[in-house]
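In: Coordinates for the following, if possible.
(chains A, B, C and D)
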There are 2 protein chains.
Amino acid sequence: MLAVMDRTEVTIPLIAQRANVTPSTIYRRWGDLQELLADVAASRLQPETEPAEIGSVRTDLQAWTEQYADEMSSGAGRQMIRDILSVPDTANAEKCSGYTQQQLRVLIARAQERGEPFPTLTELMDYVISPIMYRILFEQPPSTDCVRGLVSRVMLEGAAKS
Amino acid sequence: MLAVMDRTEVTIPLIAQRANVTPSTIYRRWGDLQELLADVAASRLQPETEPAEIGSVRTDLQAWTEQYADEMSSGAGRQMIRDILSVPDTANAEKCSGYTQQQLRVLIARAQERGEPFPTLTELMDYVISPIMYRILFEQPPSTDCVRGLVSRVMLEGAAKS
DNA sequence: GGCTAAAGGCAAATAATTTGCGTTAGTGGA
DNA sequence: TCCACTAACGCAAATTATTTGCCTTTAGCC
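Out: Purely as a prediction, here's the structure:
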């Protein structure tokens, strides 16, 4: 989806050339390459559409989560996450998490409208998103089955509670 | 615990000087500063001791987890995680996750010996470690209460199951 | 001992980063 | 309308980091 050059080839002088500005302009605006890449990555991670409406909200969550996991697990996705986390400033990381929460809130609202039982935002973040992201960052990207399992589990707990 | 210079001050020529080698030696061995820092961080994250034995295994888990969260949330801890994740090579990240699992396995074995009910490694990683790490990386470091809540919850589930 | 390969020192060449200074574009009054 | 004033940029010199070729050292291994 997103063509990305080998990161060792990307330099500020090169970007400056493509943008028809002098390197010093970019250095003054961003400081260094990592901060620039972090900003670029964060803007690219902004979702363009709301979670698709397929069937039950649970089905929608399932589908959305699988897509989320796939995108984040891809080479480009991992690269963007790395770019965001590489930088001391946490603003982009928080923005990124905010995007995810915004998407999940849409599903939560949908469930509430329809009266379907559904986990809270915190539950979804803690027990679905976090394990997926941990696996991507520190282990192997989660398989589809793994993602399904996480979703099933969080839905079961919600059901037990109500 | 670990004195770390401002990252903008750390350069390969400077490290080379301290190590009494020429910069080219370091460039040849590591390629760039990030890979060197990633290796350094991974070696520093290796735990030196097993989880303390305080009382019940649940108490031990509680204490160990709180310490884990504190260390990882600290400025130096976050820096080291960033250093590890900044690099394309995932070896150090996997090593880091391996250290955590190794610690948790000690607690699991202890619980098994004593016949105390206890979560599985996967449950601990997914429902305790992952949420903690997600919050550190993408949101605000978790409060002690938050960590306690995660531990309580994973213990409750284990109890319900058995 | 002598041979070989891996690693390091040294220094020149290249590339990136920082900085000072002059210019421009846009903004908000008088 | 015109005049400061500010923020941002271009340019180029100075500085610093990175790469590279070549030579020396070192450590194993016949």
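In: With just CA atoms, put stretch A:10-25 into CSV.
Out: Coordinates of each C-alpha in stretch A:10-25 appear next as CSV, following Å, rounded to 0.1, in the frame of the first residue of the first chain:
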residue,chain,number,x,y,z
VAL,A,10,16.5,8.1,3.2
THR,A,11,18.4,11.2,4.2
ILE,A,12,17.4,14.8,4.9
PRO,A,13,19.4,16.2,1.9
LEU,A,14,17.5,13.8,-0.3
ILE,A,15,14.1,14.7,1.0
ALA,A,16,15.1,18.4,0.8
GLN,A,17,15.9,17.9,-2.9
ARG,A,18,12.6,16.3,-3.6
ALA,A,19,10.8,19.0,-1.8
ASN,A,20,12.8,21.7,-3.6
VAL,A,21,14.0,23.3,-0.4
THR,A,22,17.5,23.4,1.1
PRO,A,23,18.4,20.9,3.8
SER,A,24,18.8,23.6,6.4
THR,A,25,15.1,24.4,6.1
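In: Looking at that stretch now, give me its mean pLDDT.
Out: For stretch A:10-25, mean pLDDT is 95.
In: Would it count as contacting DNA strand C?
Out: Yes. Stretch A:10-25 reaches DNA strand C (Cβ under 7 Å from any atom of the strand) through A:T11, A:I12, A:P13, A:L14, A:P23, A:S24. Backbone N, C-alpha and C define where each C-beta goes, glycine included.
In: just how off-centre is that stretch within its chain?
Out: Stretch A:10-25 has its C-alpha centroid displaced from the chain centroid by 28 Å (Cα atoms, centre = their mean, to the nearest Å).
In: Next: stretch A:102-122.
Out: Distance, centroid of stretch A:102-122 to centroid of chain: 18 Å (Cα atoms, centre = their mean).
In: same thing with stretch A:46-64?
Out: In terms of Cα atoms, centre = their mean, the centre of stretch A:46-64 is set 14 Å apart from its chain centre.
In: Now that stretch - C-alpha only, PDB.
Out: C-alpha atoms of stretch A:46-64 as PDB (Å, rounded to 0.1, in the frame of the first residue of the first chain):
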ATOM      1  CA  GLN A  46      -4.700   8.300  10.700                       C
ATOM      2  CA  PRO A  47      -7.600   6.200   9.700                       C
ATOM      3  CA  GLU A  48      -9.600   7.400   6.700                       C
ATOM      4  CA  THR A  49     -12.800   5.500   7.300                       C
ATOM      5  CA  GLU A  50     -14.900   4.300  10.100                       C
ATOM      6  CA  PRO A  51     -15.000   0.600  10.900                       C
ATOM      7  CA  ALA A  52     -17.100  -1.200   8.300                       C
ATOM      8  CA  GLU A  53     -20.600  -2.300   9.100                       C
ATOM      9  CA  ILE A  54     -20.800  -5.900   8.200                       C
ATOM     10  CA  GLY A  55     -23.200  -7.600  10.600                       C
ATOM     11  CA  SER A  56     -23.300  -7.700  14.400                       C
ATOM     12  CA  VAL A  57     -21.100  -5.300  16.200                       C
ATOM     13  CA  ARG A  58     -19.000  -8.300  17.300                       C
ATOM     14  CA  THR A  59     -18.500  -9.300  13.700                       C
ATOM     15  CA  ASP A  60     -17.500  -5.700  12.900                       C
ATOM     16  CA  LEU A  61     -15.000  -5.700  15.800                       C
ATOM     17  CA  GLN A  62     -13.600  -9.000  14.600                       C
ATOM     18  CA  ALA A  63     -13.100  -7.700  11.100                       C
ATOM     19  CA  TRP A  64     -11.700  -4.400  12.200                       C
END
